[in-house]
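# Turn this into a model:
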Amino acid sequence: MGRGQQRSKAIILTMPQDHAPLANDMVIHTKARDLLAWLLPHVAQWPKEHRFGVGQHVGAVAMRVQDALVAARHLRAALKAEALLEADIALDQLRQYLHLAWQCRWMSEGQYLHACGLTDEIGRLLGGWRQRSA
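Prediction:
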């Protein structure tokens, strides 16, 4: 190496090949993370005049779903039911906002259908969890 050149050290982070869920994780948590990982970058591409108002709100609602699911995992029966209801309400709100985004053409039809598939799957898992917790 010549004068003034520095050797860079690279840190290599490896991820599991199949993006396996964390230990003791439930499928619903993995699906909610998948939704967030897909949704947040897409919302960041919405038109500038909507990205920071509606877009940030959509991201916040999606994170509320995740937050309520994580809380429910740690709570006892009565509080768990409350947290699951909160997640269910936030998921319904998210569906409404995604439909609005599609109507306003901030999302393509393919993106909307993908988002609907993710929210439907989370909704089915959440409904089953709510029934088992009742």
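
# So which residues make contact with the one helix or strand residue 50 maps to?
In the assignment (DSSP states H and E), residue 50 maps to helix 48-50. When contacts are taken as Cβ atoms under 8 Å, 6 or more residues apart in numbering, the neighbours of helix 48-50 outside the stretch itself are 104, 106. Heads up, the C-betas are built off the backbone N, CA and C, glycines and all.

# change it to 10 Å
For helix 48-50, the surrounding residues in contact (Cβ atoms under 10 Å, 6 or more residues apart in numbering) are 43, 55, 56, 58, 100, 101, 104, 106.

# List only those of the residues you listed flagged as buried.
43, 55, 58, 101, 106 (16 or more other Cβ atoms under 10 Å).

# Taking the residues you listed together, which two end up most distant?
Across the buried ones among the contacts of helix 48-50, the two members that end up farthest from each other (Cβ to Cβ) are 58 and 106, 9.6 Å apart.

# list residues touching both of the two?
A shared contact of residue 58 and residue 106, defined by Cβ under 10 Å, 6+ apart, is any residue touching both; here these are 42, 43, 46, 50, 51, 98, 100.
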